[in-house]
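Enquirer: Below: sequence and its predicted model.
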Amino acid sequence: MESVNLDTRVAALWRVESPRLVARLVRLVGDLDAAEELAQDTFVAAIEKWRREGVPDNPAGWLSTTARFLAVDRIRRRDTRRDKYHLIAATTPRTVEVDLARIVDGDLAQDLLGLIFMSCHPILSPDARSALTLKLVCGLTTGEVARAFLSPEPTIAQRIVRAKRTLAAARIRFELPGPDERPARLDAVREVVYLVFNEGYSATGGDSWVRPELCSEALRLGRMLAGLTTNDTETLGLLALIEIQASRLAARVGVHGEPVLLMDQDRTRWDRLLIRRGLALLEQIDRLHGTAGPYALQAAIAACHARADRAEDTDWPRIAALYDGLAQINPSPVIELNRAVAIARAFGPQAGLEILRPLRDHPAMRDYHLLPAVAGDLCCRAGDHEQARSHFLRAASLTTNTQQRTTMQQRAAQCTTHTGPE
Amino acid sequence: MRYMLTHYETEAMAKGVKPSPEQQAAIGQYMQEMATTGVLLAGEGVHPSSSGARLEVDGGNVRVIDGPFAEAKELIAGFVIVEVGSLAEAVEYARRFALIVGVERIDVRRVVEFSDLQ
């Protein structure tokens, strides 16, 4: 007995089939709007037919054939309109006789890659890219995209419409970027994947500190991209990084929904399958000699934690060395702060404090609570409880998060007991 | 959510008949597609039970029996693990598998994740 009702099946089929349908359709007809409309028409036809006759054994095949038929029909009608126009204008149409049979069955991988490049086009803002990509490449409905970004549905609908309009106005059609353009375009795609992932990994909005479903979508995109751009080491690095970070999702949230820091996590709760995938990707990157890219370096750092069964087994000298490399190619105060932590763990608190010192004057760090939080921790470990206390109090005054403020105040109070008479 | 799609030995597989080149190509294409669309997490096939063993546990006593085992249709021939949004989606991926390879049965089972145990 077929147990699932038609609506459920159609919804599942949309999610599974619509990305590849839209990808192929956009290659055939050129613009996203028309492609999406044809995909929707295909599903409308399917629902009508299947309601009467039942779902065929191969619904995917039926959808694909129907979509192709509708696309060819639309191209023919467009050509006819053009011919008629030329007839009225008494001009000779340029022959655009395309061999439809030849172009309709393309390569799925190429189609999907083209669709990804289009919806992640750098002409769009990162927000617009993310919304469009989740909708078209991941097959989410506008409502689902809205829920993913905790935004009202009309806002997201607007954003998607505007993005498509921008692409159309700039005459951006389906095409695979050539070798010169490709690295920059891939950067724009990776940015979207990492943005979506991070919004799930450290949610900036909502009640929950992590939103795993958003991480899942980012992982799916990353896996897709890695599969489509074989041997692109930075894409593999990005995927390795998010696979390993995602392996900690369950351990990252405490029983009361509070964040649990990496060093305090119950490592038996880490997802071994994702760690294995991440480590395998790093081996692949190694074989391809791509270990020096920024994503690959960050993935290698994440892997050092993943390999340590207990927090005290962490290979801090290696992490410090990787941060040295990352700071060279991608200098930023946040990386510098992380480097200070790693160096302190590897070579003692004084070595870490020396890296922190110049950061205090950095404009981006002036009001950043993590700088005094780290400084406090290092001073504490160096035995300078007086200094530590003032750092912790400053960190407490800078953070807007209640949970973090409490933690910082508690640590400041602990310093006082140290400085008191022994 | 993660689902494990398992398929089972057929009489032919149990006898050691290797999949035809066409079947192998179809399986390869299916796996490639699952990877391309970003849903595949892992997947393996296993040899016929003649090269395996079974452990039967009875009241704390463990008995090891070498293969082959008679009930071919109950023996796993391979599995894939996919990450999808719902059971219905997993079923659609299984359906593609059933169409391509012509196996006789596929089970779709939800994989236990840590969040299920809390």
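Expert: Cool, the structure landed. Treat the numbers as computed from the prediction; the structure is a model and nothing was measured.
Enquirer: From here on, just use CA atoms for contacts and neighbour counts.
Expert: Fine.
Enquirer: which element is residue A:350 on?
Expert: Remark: residue A:350 resides in helix A:349-359, with elements defined by DSSP states H and E.
Enquirer: Could you point out the helix or strand that follows that helix?
Expert: Note on helix A:349-359: by DSSP H and E, the next helix or strand toward the C-terminus is helix A:370-382.
Enquirer: and that next one, which residues are buried?
Expert: Of the residues in helix A:370-382, those buried by neighbour count under the rule 16 or more other CA atoms under 10 Å in any protein chain shown are A:370-380.
Enquirer: what does stretch A:254-265 give?
Expert: Neighbour-count burial for stretch A:254-265 flags A:259, A:265 (criterion: 16+ other CA under 10 Å).
Enquirer: Geometric centre of chain A: which residue is closest?
Expert: In chain A, the residue lying closest to the centroid (CA atoms, centre = their mean) is residue A:193, at 2.3 Å.
Enquirer: wait, what's in contact with it?
Expert: Counting by CA atoms under 8 Å, 6 or more residues apart in numbering or on different chains, residue A:193 makes contact with A:130, A:218-219, A:221-222.
Enquirer: Tell me the helix or strand right after the helix or strand that it is a member of.
Expert: In the assignment (DSSP H and E), residue A:193 maps to helix A:182-201. Downstream of helix A:182-201, the next assigned helix or strand under DSSP H and E is helix A:212-228.
Enquirer: Tell me, how many residues neighbour residue 81?
Expert: In the absence of a named chain, chain A is used. Other residues lying near residue A:81 total 12 when counted by other CA atoms under 10 Å in any protein chain shown.
Enquirer: Chain B is the one I meant
Expert: Counted with other CA under 10 Å, the neighbours of residue B:81 add up to 21.
Enquirer: where's the residue nearest to it when sequence neighbours are not counted, which helix or strand?
Expert: Nearest non-adjacent residue to residue B:81, counting by CA to CA, 6 or more residues apart in numbering or on different chains: residue B:4, 4.4 Å away. Per DSSP H and E, residue B:4 falls inside strand B:2-8.
Enquirer: need the next SSE after that strand, C-terminal direction.
Expert: Using DSSP H and E, the helix or strand that follows strand B:2-8 in sequence is helix B:11-14.
Enquirer: could you measure the nearest residue in space to residue A:329 that is not next to it in sequence against chain B, distance?
Expert: Closest residue to residue A:329 apart from its sequence neighbours, by CA to CA, 6+ apart: residue A:294 at 7.2 Å. As judged by CA to the nearest CA, to the nearest Å, residue A:294 and chain B stand 23 Å apart.
Enquirer: ok, now residue A:393?
Expert: Noted for residue A:393: a distance of 36 Å to chain B, by CA to the nearest CA.
Enquirer: Which pLDDT value belongs to that residue?
Expert: Looking at residue A:393, its pLDDT is 94.
Enquirer: burial count for residue B:93?
Expert: Neighbour tally, residue B:93, other CA under 10 Å: 22.
Enquirer: try residue A:201
Expert: The local packing of residue A:201 (other CA under 10 Å) involves 23 other residues.
Enquirer: From residue A:303, how far off is it?
Expert: Distance of residue A:201 to residue A:303, computed by CA to CA, to the nearest Å: 17 Å.
Enquirer: what packs against the helix or strand residue A:128 falls within?
Expert: Here residue A:128, judged by DSSP H and E, is contained in helix A:126-136. In terms of contacts (3 or more CA pairs under 8 Å, 6 or more residues apart in numbering or on different chains; DSSP states H and E), helix A:126-136 is packed against helix A:6-29, helix A:108-119, helix A:142-148, helix A:153-169, helix A:182-201.
Enquirer: Let's see that with 7 Å instead.
Expert: helix A:108-119, helix A:142-148, helix A:153-169, helix A:182-201 (3 or more CA pairs under 7 Å, 6 or more residues apart in numbering or on different chains; DSSP states H and E).
Enquirer: Could you give the residue of chain B that lies closest to chain A?
Expert: Per CA to the nearest CA, residue B:38 is where chain B lies closest to chain A, at 4.2 Å.
Enquirer: before we move on, the earlier item: now do the helix holding residue A:128 and helix A:6-29, the angle between them.
Expert: If you take axes from the mean of the first three to the mean of the last three CA atoms, to 10 degrees, helix A:126-136 sits at 120 degrees to helix A:6-29.
Enquirer: what's the closest non-adjacent residue to the residue of chain B closest to chain A?
Expert: Leaving out its chain neighbours, residue B:38 is closest to residue A:224 (CA to CA, 6+ apart), at 4.2 Å.
Enquirer: There's contact between that neighbour and residue B:39 in this structure, I believe.
Expert: No: if you go by CA atoms under 7 Å, residue A:224 and residue B:39 don't touch, sitting 8.0 Å apart.
Enquirer: Could you count how many residues lie near the closest residue to residue B:79 other than its chain neighbours?
Expert: Using CA to CA, 6+ apart and skipping residues adjacent in sequence, the residue nearest residue B:79 is residue B:6, 4.3 Å away. Other residues lying near residue B:6 total 21 when counted by other CA under 10 Å.
Enquirer: Is residue B:6 bridged to anything, and to what?
Expert: Applying DSSP bridges to residue B:6 gives these bridge partners: residue B:79, residue B:107.
Enquirer: still on that earlier bit, I'd say the residue nearest to residue A:329 and residue A:327 touch.
Expert: No: judged on CA under 7 Å, residue A:294 makes no contact with residue A:327 at a distance of 9.3 Å.
Enquirer: Now for the residue of chain A found nearest chain B: which residues touch it?
Expert: Here chain A gets closest to chain B at one residue, residue A:224, 4.2 Å apart by CA to the nearest CA. Contacts here follow CA atoms under 7 Å, 6 or more residues apart in numbering or on different chains; on that basis residue A:224 touches B:35-38.
Enquirer: Also residue A:76?
Expert: Applying CA under 7 Å, 6+ apart to residue A:76 gives no contacts.
Enquirer: And it, which helix or strand is it part of?
Expert: helix A:59-88.
Enquirer: Give me the distance from that helix to the chain's centre.
Expert: Counting by CA atoms, centre = their mean, to the nearest Å, helix A:59-88 is centred 35 Å from the centre of its parent chain.
Enquirer: Pull out the buried residues from the least confident helix or strand in chain B by mean pLDDT.
Expert: Every helix and strand of chain B was ranked by mean pLDDT, DSSP states H and E. The lowest is helix B:11-14, at a mean of 82. Across helix B:11-14, burial judged by 16+ other CA under 10 Å covers B:13-14.
Enquirer: helices and strands around it, which ones?
Expert: Checked by 3+ CA pairs under 7 Å, 6+ apart, helix B:11-14 has no helix or strand packed alongside it.
Enquirer: which is the next helix or strand following it?
Expert: helix B:21-36.
Enquirer: Direction included, what does whichever helix or strand comes after that following helix pair against?
Expert: Moving toward the C-terminus from helix B:21-36, the next helix or strand (DSSP H and E) is strand B:40-45. Paired neighbours of strand B:40-45 in the sheet (DSSP bridges): strand B:76-83 (antiparallel).
Enquirer: and the angle for the strand it pairs with with helix A:212-228?
Expert: Counting by the same axes, to 10 degrees, strand B:76-83 points 110 degrees away from the direction of helix A:212-228.
Enquirer: what does strand B:76-83 rub up against?
Expert: Contacts to strand B:76-83, defined as CA under 7 Å, 6+ apart, come from residues B:1-9, B:39-46.
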